[in-house]
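A.B. asks: Model the following, please.
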Amino acid sequence: MPAAPRTPEPSPPAREALRHVLILGGTTEARRLAEVLHADHSAADGSDPDGVRARGGGLRVTTSLAGRVARPVLPPGEARTGGFGGTEGLVRWLREHHVHALVDATHPFAGTISQHAARAAAAARVPLLAVRRPGWVPGEGDDWHPVDSLEEAAALLPTLGRRVFLTTGRTGLAAFTGPEGRDGPDGQHGPDGLWFLVRSVDPPEGELPANAEVLLDRGPFTLDGERALLRAHRVDVLVTKDSGGAATAPKLTAAREAGLPVVVVRRPAPPEGVRAVATAEEAARWVRGG
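C.D. replies: Predicted coordinates:
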């Protein structure tokens, strides 16, 4: 099992000072953290009213969602949607809303907002914690090909297969529209082109490869379902980001069983000096001051 990220220990927010925690969300971990803190509120006052601010021992919880998903699963407590306007906008929001603790529980590939969070927390003097689920680790029988970008993944594909299961999300797909992703001479995927099955929660943004079928679906996914999908579409190579977590991991097991190569896009480097934990429960203990 992968070890939890190891980074320097920051001071947790002081219990007596903590009134408002902002969760930068959009992940299972962020929603779980809001649920745990909301449960603290319910246990404290013996009720669980709908639409009430999550307040436990003076704690108010707000989750911020980027707005990239059309129908997000909203967490309990308060929620806001949309960006902050860069680092300066986030600093302003932290100060105007009297935030006393910031938790970055965004997706491991949401590198820009994580950098903004680190700089804004330092400028506003707000304690910051990151929640980062451990990345996936190849096991016996895996045929993984790590790369640092979608462009590198696209360049590698022609050496690995022709029918690609592309699970890197709905953005950045233009990286796969180069010569390796174009039609073959007969107008179909052929010696000079690839065929793509693109899976995402919402419709893809921007340009798609010439030969692409879009499958809209939301995890968690099952192993039986992933096995059936690979067979039905005659997939011979999988492309994924190292998102980690259990919800989308069955595709990796199905690929291993089928002997398929997997192109894995590495995570961007996290901000320096920011402590990271692996679970919502660890984050909740930090928020409580423990």
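
A.B. asks: mind checking how far Gly289 is from Ala130?
C.D. replies: Gly289 sits 18 Å away from Ala130, going by Cβ to Cβ, to the nearest Å. C-betas here are computed from N, CA, C, even on glycine.

A.B. asks: Look at the two and report which has more neighbours.
C.D. replies: In this view Gly289 and Ala130 are compared by other Cβ atoms under 10 Å, and Ala130 has more residues nearby, 23 against 15.

A.B. asks: Name the helix or strand for Asp171, please.
C.D. replies: Asp isn't right for residue 171; it's Thr. Counting by DSSP states H and E, no helix or strand carries Thr171.

A.B. asks: And for the nearest residue to it once chain neighbours are set aside, the neighbour number?
C.D. replies: Spatially, and ignoring its direct neighbours in sequence, Thr171 is nearest to Glu205 (5.2 Å; Cβ to Cβ, 6 or more residues apart in numbering). Residues near Glu205, counting by other Cβ under 10 Å, number 14.

A.B. asks: Pretty sure Glu205 sits in a strand.
C.D. replies: No. Secondary structure of Glu205, determined by DSSP: H, G, I helix; E, B strand; the rest coil: coil, with no strand assignment.

A.B. asks: tell me the contacts of it?
C.D. replies: Residues in contact with Glu205, defined by Cβ atoms under 8 Å, 6 or more residues apart in numbering, are Arg170, Thr171, Leu173.

A.B. asks: and if you look at Lys251?
C.D. replies: Residues in contact with Lys251, defined by Cβ under 8 Å, 6+ apart, are Phe165, Thr167, Phe221, Glu226, Leu238, Thr240.

A.B. asks: now for the host helix or strand of the fourth one, which elements pack on it?
C.D. replies: Same thing as Glu226. With elements taken from DSSP H and E, the one containing Glu226 is helix 223-232. When contacts are defined as 3 or more Cβ pairs under 8 Å, 6 or more residues apart in numbering; DSSP states H and E, helix 223-232 sits against helix 250-258.

A.B. asks: if I pick the residue most central in space within the chain, what's in contact with it?
C.D. replies: Of all residues in the chain, the one closest to the mean position by Cα atoms, centre = their mean is His107, 2.5 Å from it. Contacts of His107 were listed using Cβ under 8 Å, 6+ apart, and they are Gly26, Thr27, Ser243.

A.B. asks: separation between it and Thr27?
C.D. replies: Relative to Thr27, and taking Cβ to Cβ, His107 is found at 6 Å.

A.B. asks: hang on, isn't Trp93 packed against Phe84?
C.D. replies: Yes. With the criterion set as Cβ atoms under 8 Å, Trp93 and Phe84 qualify as a contacting pair; they are 5.3 Å apart.

A.B. asks: Look at Phe196 and give its secondary structure.
C.D. replies: strand.

A.B. asks: Check the burial of it by counting its neighbours.
C.D. replies: Once other Cβ under 10 Å is used to define contacts, Phe196 is seen to have 25 neighbours.

A.B. asks: Cool, thanks, talk later.
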